[in-house]
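K.L.:
here is my input; please provide its structure:
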Amino acid sequence: MKKDVIYVRPSTLHKFVFCPRQVFFDYYLREKRPLVQRLRMLIGKILHWIHHLLKRGYINEELNSVEVDEIEGVVLVGKPDSYRVEGDTVILEEFKSSRIPRKANRYDVLAWEPDMIQACAYAYMLKKKYGRSVFVIIRYLDGATTFEYNDFMESCLLSVLEKYKKMVEGKILYDVHRTRKCNKCIYRNLCDKIDMEAKKVIEHGNGFG
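P.N.:
Next up, the predicted model:
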């Protein structure tokens, strides 16, 4: 691998959108994934296997690597779940072990935002590889959503990649919005400690305490 190049997996981008701190901590701590997360990955693999048996003409989990032209020093590396080429279009299918969201995300796509960005990363790779437009299908346990990978979707992806690059190069620990999902995180205690220390610094700087 080239030196001074940031290699980014779409699956890592998925986690980064979900919580950038998880990705930051993974660089230095690398804790074992919780059982629930490992089970979801297993379910995803089973779904892929069933899809491979039932459908023909698809390219499944083929390793791809492309440089991101718009962001110097960034390379996307990963295996799209499944895709096929139809004329001037690449049909990309991604499989998720969760349920489809009840409403569209802030980009007006009926998909969880991390899933959308991950799919966009694969779409970027396939668009560059084949020089064709990409149509995305994200299949959930109870439904599917579709969207065209267009200029707007690409701008969303590049924005996340820029933020990711800044984290790596500047060792930036981004602030995050805490939710109930944080209670299941393997880094919860560390995150709590960091936030408590940051609060003390802010209060001290404002003349409190």
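K.L.:
output the below-cut-off pLDDT ranges for the protein.
P.N.:
Scanning the chain for pLDDT under 70 picks out the ranges 1-3, 30-56, 201-202, 204-209.
K.L.:
partners of the helix or strand where residue 84 lies in the sheet?
P.N.:
Using DSSP states H and E, the element containing residue 84 is strand 82-86. Next to strand 82-86 in the sheet, as set by DSSP bridges, lie strand 59-60 (antiparallel), strand 89-95 (antiparallel).
K.L.:
send me that strand as PDB with only the CA atoms.
P.N.:
Written as PDB, here are the backbone C-alpha positions of strand 82-86 (Å, rounded to 0.1, in the frame of the first residue of the first chain):
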ATOM      1  CA  SER A  82     -23.900  -7.700  -5.200                       C
ATOM      2  CA  TYR A  83     -24.200  -5.900  -8.500                       C
ATOM      3  CA  ARG A  84     -24.800  -6.500 -12.200                       C
ATOM      4  CA  VAL A  85     -24.200  -4.400 -15.300                       C
ATOM      5  CA  GLU A  86     -27.300  -3.700 -17.500                       C
END
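K.L.:
in that strand, what counts as buried?
P.N.:
Using 16 or more other CB atoms under 10 Å as the test for burial, strand 82-86 gives 82-83. In this view, the C-beta of every residue, glycine as well, is placed from N, C-alpha and C.
K.L.:
repeat for stretch 141-153
P.N.:
By neighbour count on 16+ other CB under 10 Å, the buried set for stretch 141-153 is 145, 147, 149, 153.
K.L.:
export those as CSV, with columns for distance to residue 66.
P.N.:
Shown next, in CSV, are these (distance: CB to CB, whole Å):
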residue, distance to residue 66
145, 25
147, 21
149, 14
153, 16
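K.L.:
just checking, which of these belong to helices?
P.N.:
For the buried residues of stretch 141-153, the ones inside helices are residue 153, with DSSP state H as the criterion.
K.L.:
residue ranges for the strands of the protein, please.
P.N.:
6-8, 59-60, 64-67, 74-78, 82-86, 89-95, 133-140, 143-149 (DSSP state E).
K.L.:
got a markdown table for the ones you listed, with distance to residue 113 too?
P.N.:
Formatted as a markdown table, the strands of the chain follow (distance: least, CB to CB, whole Å):
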| stretch | distance to residue 113 |
| --- | --- |
| strand 6-8 | 17 |
| strand 59-60 | 25 |
| strand 64-67 | 23 |
| strand 74-78 | 18 |
| strand 82-86 | 22 |
| strand 89-95 | 14 |
| strand 133-140 | 12 |
| strand 143-149 | 12 |
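K.L.:
done for today, thanks.
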